[in-house]
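Visitor: Need a 3D model of the sequence below.
(one chain, ligands or ions: 1)
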Amino acid sequence: MRQSNYFIPTLREVPSDAEIKSHQLLLRGGFIRQNAAGVYSYLPLGFTVLRKIEEVIREEMNKAGGQELLMPAIQPAELWKETGRWDIYGPELMRLKDRHAREFALGATHEELITSLVRSEINSYKKMPALLYQIQTKYRDEKRPRFGLLRGREFIMKDAYSFDTSEKGTDEVYKQMVQTYKNIFSRFQLNFRPVVADSGAIGGDDTHEFMALSEVGEDTIAYSSESDYAANIEMAPCVRSYERPNEAEKELQKLDYDEYTKELHKAIKYTLFKVNDSYCIVLTRQDHTINDIKVKNYLKAEHVEIVSTEEVADALAISVDDVHPFNERFEIYADHAVKAIVNGTLTVQPKVIYVNVNPSRDLNVKDYADFRMIQEGDPSPDGNGEILFAKGIEIGQVFKLGTRYSEMMNATYLDENGKSKPIMMGCYGIGVSRTLAAVVEQHHDDNGIVWPVSLAPFHVHLITVNTKNTDQKELSEKLYSIFQNEQLDILYDDRSERVGVKFSDSDLIGIPIRIIVGKKASEDIVELKVRKTGESFEVPVNSIVEVVRQQLKVLS
Ligand code: 9G3
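Guide: Presented below is the predicted three-dimensional model:
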């Protein structure tokens, strides 16, 4: 491709609303342009990379027996009403009406759509297992779209759905998808971790998320210093055991806060929860953080949220002074760490504190369980090493769906005994456009993007130092046609720009190998520069293709 007529609008300045490197560089490099909040166009360079990402995903998904199809972005509301999700999701689910005022959802995901397709076509065990996938645009009206492609309102996802006759069958395809994702993300040279994640709203019992490690990631991963254990911080179990000090229990006392000394070790705090439509209290140690996902999973409740003292007092028509764990009407749960507290303290309101609190004696704790957020330094749940934290960008997720959707939508099949059974399902997503940004987050330097070879928009960036010099011009044209015949993707900067501009644009765009045709063109010698390492050396023209191939191999 000749750069003189290739649409690559590079920018000198960093756009003010781009806070993170990938967003800045994709804008400055002329890869993307924003059309609205969270809505982007992929310019030719960006689209080339997008297609390469999709190609790698297709290769690996097809190897795993996936069959690619394409479903519509507009989905009949009726399908979402069958699963109840039309009402569960709020403004995040984009909706529209057609000319007959019929309601549609703009596809945020495709469980309903694919299940409606399968229920009419797959009705015998003989037609399973099946693994269907698409690479398609998704719509989610995020409240705060930000960070460029990392959190957009229109984005590209590969979403796959598996259909099996048994849990065992789903387990197999699930494991296979985990391996497939490892292959895909490794080919992108991403530093990623599969982490155990919470099943959340999707309701499956097994879920893994794939996190690209990055400081700008929104998720926190708890991972082991010594093994490949990694979990989403909400999910990571706390396995620390607590020594109960062997001191005698003292008499419980209720004191005025300011008459009390500040030896606030062994302090207990409490959190009020609204669980479906009742209230309960969970005790944790003062220096620990409550984990509401663990409370939700423990109580197996649909709706769990942390509420204020005032809200509970209003709802129960009692005084705020009576909303505390010493009030027998509240169900009390406590984190394991609380059980080991002897003669602890518990502040009820700003003014009242109980001292010599011995939870099992003074509070009717219904049960002790793991209710706290894991902390750095905690023992790893797999027994190997200690927990460390890292930020991650969620680029993939795999879920076991069980029969949740097939039962709600009556997607059944006849088994070998002619008995009708609901289909076992799984779903597997990769954020394609998000992955593009994650790759840039992990592969850039101060001068711009440093594309991994597998995703670079071109392999070679050919630059003529002085287009008015006939030797340089002729040699450049010759090299351009040589590389095109060698099936190497080459971008030829034939612009009559100052060479400094050409070099800084080249650093920005991040093509792995740069060939500079300069003074020594008359001697049939060019300079080769490796974008990643900055290393450069002279190469005679007659061995340039072989040297380029060898360099690309080293970088892959
Ligand atoms: C919605 C909206 C947002 C959503 C969903 C539905 C997330 C929703 C979960 C999934 C699960 C899997 C198939 C590919 C892999 C992920 N955000 N999820 O279902 F209506 Cl507005 O998407 N789907």
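Visitor: Can you pull up the residues of this structure that come close to the ligand?
Guide: Proximity of the chain to the ligand is assessed by Cβ under 6 Å from any ligand atom, with 89, 92-93, 108-109, 140, 159, 202, 397, 399, 427, 429 identified as the residues in range. Heads up, the C-betas are built off the backbone N, CA and C, glycines and all.
Visitor: Show me these that map onto strands.
Guide: 159, 397, 399, 427, 429 (DSSP state E).
Visitor: okay if I get those as a markdown table plus pLDDT and neighbour count?
Guide: As requested, those are arranged in a markdown table below (pLDDT from 0 to 100; neighbours: other Cβ atoms under 10 Å):
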| residue | pLDDT | neighbour count |
| --- | --- | --- |
| 159 | 98 | 24 |
| 397 | 96 | 22 |
| 399 | 93 | 25 |
| 427 | 97 | 22 |
| 429 | 98 | 23 |
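Visitor: ok, these vs the ligand, which is closest?
Guide: For those, the minimum distance to the ligand (Cβ to the nearest ligand atom) is 2.5 Å, reached by residue 429.
Visitor: quick one: contacts of the helix or strand containing residue 295?
Guide: With elements taken from DSSP states H and E, the one containing residue 295 is helix 292-299. With contacts defined as Cβ atoms under 8 Å, 6 or more residues apart in numbering, helix 292-299 is touched by 198, 234-235, 273, 275, 280, 282, 304-306, 333, 369-372.
Visitor: got a list of what the residue lying closest to residue 80 once chain neighbours are set aside touches?
Guide: Setting aside the residues directly before and after it, residue 80 is nearest to residue 86 in space (Cβ to Cβ, 6 or more residues apart in numbering), at 3.9 Å. Taking Cβ under 8 Å, 6+ apart as the criterion, residue 86 is in contact with 77, 80, 93, 105.
Visitor: check contacts around the first one.
Guide: What that stands for is residue 77. Contact partners of residue 77, counting by Cβ under 8 Å, 6+ apart, are 86, 95, 102-105.
Visitor: again, but for the last one
Guide: Residue 105 sits next to 74-75, 77, 80, 86, 93-95 when contact means Cβ under 8 Å, 6+ apart.
Visitor: do residue 356 as well
Guide: If you count contacts by Cβ under 8 Å, 6+ apart, residue 356 has them with 249-253, 343-344.
Visitor: biggest separation within the contacts of residue 77, which pair?
Guide: Distance extremes for those: the farthest pair is 86 and 102 at 13.2 Å, using Cβ to Cβ.
Visitor: so where's the protein uncertain?
Guide: The model of the chain has pLDDT under 70 over residues 198-205, 258-265.
Visitor: any idea which residue sits dead centre in it?
Guide: In the chain, the residue lying closest to the centroid (Cα atoms, centre = their mean) is residue 394, at 0.9 Å.
Visitor: neighbours around residue 143, how many?
Guide: Here the neighbour count serves as a burial measure; for residue 143 (other Cβ atoms under 10 Å) it reads 9.
Visitor: how would you label it: helix, strand or coil?
Guide: Secondary structure for residue 143, judged by DSSP: H, G, I helix; E, B strand; the rest coil, is coil.
Visitor: Could you do residue 269 as well?
Guide: Secondary structure for residue 269, judged by three-state DSSP, is strand.
Visitor: What is the burial count for it?
Guide: Around residue 269 there are 17 other residues, counting by other Cβ under 10 Å.
Visitor: check contacts around it.
Guide: When contacts are counted by Cβ under 8 Å, 6+ apart, residue 269 touches 283-286, 346-347.
Visitor: ok, now residue 332?
Guide: Residues in contact with residue 332 (Cβ under 8 Å, 6+ apart) are 280-283, 325, 363-366.
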